[in-house]
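Visitor: show me the folded form of this:
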Amino acid sequence: MRRTSFLRTLVIAGSVLALSVGGAAADAKKSFKVAWSIYVGWMPWGYAADNGIVKKWADKYGISIDVKQFNDYVESINQYTAGAYDSVTITNMDALSIPSAGGVDTTAMIVGDFSNGNDAVILKDKTRLADIKGQKVNLVEFSVSHYLLARALESAGMSEKDVKVVNTSDSDMAAAYKTPDVTAVVTWNPIVLEILKSRDAHKVFDSSQIPGEIMDLMAVNTQTLKDNPAFGKALVGIWYDTLKLMLSNTPEGKAARESMAKASGTDLAGFEAQLKTTRLFATPKEAAAFTRSKDIAATMNHVREFLFAKALLGKEAKSADAVGIELADKTVLGDAKNVKLRFDPSFMLLAAQHKL
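Guide: Residues are numbered from 1 along each chain as shown. Model (predicted):
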């Protein structure tokens, strides 16, 4: 499941592996591996692999693409960071903190969506965010839930010093909420929807209040993408082909959504409820426009400051500037001599211009 806890030891282990492979240039090749994990915004990848869409686009460019589902989100990122996979589905925060901080130059080439209510702060028997002060807050430590809490507290003039974070597995969260000792949680869908069924549960902040900050990406090794542009073209072709089908108001579209719902462990109603709190960019034009907006710089400033405060930009990081982030207009946040995360809309623009 997306956004599972990444422990500091995993980050360090990933960094060591990355440093051993990150500097080597990738040769032009014909076979590629894509890692993805279960989340509403990433289900099209599995559907595309199972229904011939991946093969269609791979064949068009004379390549082969193996799309593998990982049950463990962190493991998929670690495998990508170690060089075993060419691309991975990942959030913007995790892209910066794991592969990029670990030395792997990574390009966000498809910005698929952002969380628009999928992530939430929930209080028991309290209805105002201010009531969180002094409470223990159960969440997956160092995940986007932790980031959401930090942004929520900031919006209310508080900081993490005003609460006590209790690291809790996402798989245990719904059950934990039902115990008397748990009075505040931060989590994501479908867990949010499950907890909110309780009459004493009140959502006091969610990701729609920080729109665009929790992004879901298809990230690719930068050198691999540079050496193999056909791979990038095939990926955007696969993605927008599948989205068009999934979002269509047709029997085929409904069947695709039902298939994705089943694969993600829910039914059609549950899947569509999650889609409602996900800002999917239905077209490459929309996605490219968002990627080129000035909002990305502000978002990544928040993200890198949070990661530096949590010592998640690497042991040697002296400031949030340690890892350079190249934006769509080629300006850089942080160290321009150490750019390791890039937002590149060029392949989405090719799709928008029907030049695939």
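Visitor: when you work out contacts or count neighbours from here on, use the C-alpha atoms and nothing else.
Guide: Fine.
Visitor: for residue 68, helix, strand, or coil?
Guide: With DSSP: H, G, I helix; E, B strand; the rest coil as the basis, residue 68 sits in strand.
Visitor: show the backbone phi and psi for the residue nearest the centre of the chain.
Guide: The centre of the chain sits closest to residue 91, judged by CA atoms, centre = their mean, with a distance of 1.9 Å. Dihedral angles of residue 91 (phi, psi; degrees, to the nearest 10) stand at phi -80, psi 160.
Visitor: now do the one 10 residues further on
Guide: When quoted as degrees, to the nearest 10, the phi and psi of residue 101 stand at phi -70, psi -20.
Visitor: which ones are touching it?
Guide: By CA atoms under 8 Å, 6 or more residues apart in numbering, residue 101 lies in contact with 15, 312, 313, 314, 323, 340.
Visitor: one more time with 7 Å, if that's ok
Guide: 313, 314, 323 (CA atoms under 7 Å, 6 or more residues apart in numbering).
Visitor: any idea which element residue 114 lies in?
Guide: For residue 114, the host element (DSSP states H and E) is strand 106-115.
Visitor: after that strand, which helix or strand is next?
Guide: Sequence order places strand 119-124 as the next helix or strand after strand 106-115, per DSSP H and E.
Visitor: how about the next helix or strand after that next one as PDB, C-alpha atoms only?
Guide: On the C-terminal side of strand 119-124, the closest following helix or strand by DSSP H and E is strand 136-139. Output in PDB follows, covering the C-alpha atoms of strand 136-139 (Å, rounded to 0.1, in the frame of the first residue of the first chain):
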ATOM      1  CA  LYS A 136      -1.200  11.500  21.300                       C
ATOM      2  CA  VAL A 137      -1.500  11.300  17.600                       C
ATOM      3  CA  ASN A 138      -1.300   7.800  15.900                       C
ATOM      4  CA  LEU A 139       0.200   7.800  12.400                       C
END
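Visitor: in the helix or strand just after strand 136-139, which residues are buried?
Guide: Counting by DSSP H and E, the next helix or strand C-terminal to strand 136-139 is helix 144-155. Neighbour-count burial for helix 144-155, counted by 16 or more other CA atoms under 10 Å, picks out 144, 145, 146, 147, 148, 149, 150, 151, 152, 153.
Visitor: now do stretch 70-79
Guide: 70, 72, 73, 74, 75, 76, 77, 78, 79.
Visitor: what is the nearest of those residues to residue 115?
Guide: Checking the buried residues of stretch 70-79 against residue 115 by CA to CA gives residue 73 as the nearest, at 16.9 Å.
Visitor: do you know how far residue 191 is from residue 234?
Guide: As defined by CA to CA, to the nearest Å, residue 191 lies at a distance of 33 Å from residue 234.
Visitor: neighbour count for these two, which is higher?
Guide: For the pair residue 191 and residue 234, the greater number of neighbours falls to residue 234 (24 against 18), based on other CA atoms under 10 Å.
Visitor: list the residues that contact the more buried one.
Guide: Going by CA under 7 Å, 6+ apart, residue 234 touches 57, 58.
Visitor: name the strands paired with the strand holding residue 114 and say parallel or antiparallel.
Guide: Sheet partners assigned to strand 106-115 using DSSP bridges are listed as strand 215-221 (antiparallel), strand 278-280 (antiparallel), strand 339-343 (parallel).
Visitor: ok, which of these comes nearest residue 86?
Guide: Of all the strands paired with strand 106-115, the one in closest proximity to residue 86, counting by CA to CA, is strand 215-221 (5.8 Å).
Visitor: let me see the mean pLDDT of the helix or strand following the closest one.
Guide: The C-terminal neighbour of strand 215-221 among helices and strands, as given by DSSP H and E, is helix 222-227. Looking at helix 222-227 alone, the average pLDDT works out to 98.
Visitor: list the residues that contact the residue lying closest to the residue nearest to the centre of the chain once chain neighbours are set aside.
Guide: Closest residue to residue 91 apart from its sequence neighbours, by CA to CA, 6 or more residues apart in numbering: residue 216 at 4.6 Å. Taking CA under 7 Å, 6+ apart as the criterion, residue 216 is in contact with 90, 91, 92, 111, 112, 113, 114.
Visitor: much appreciated, bye for now.
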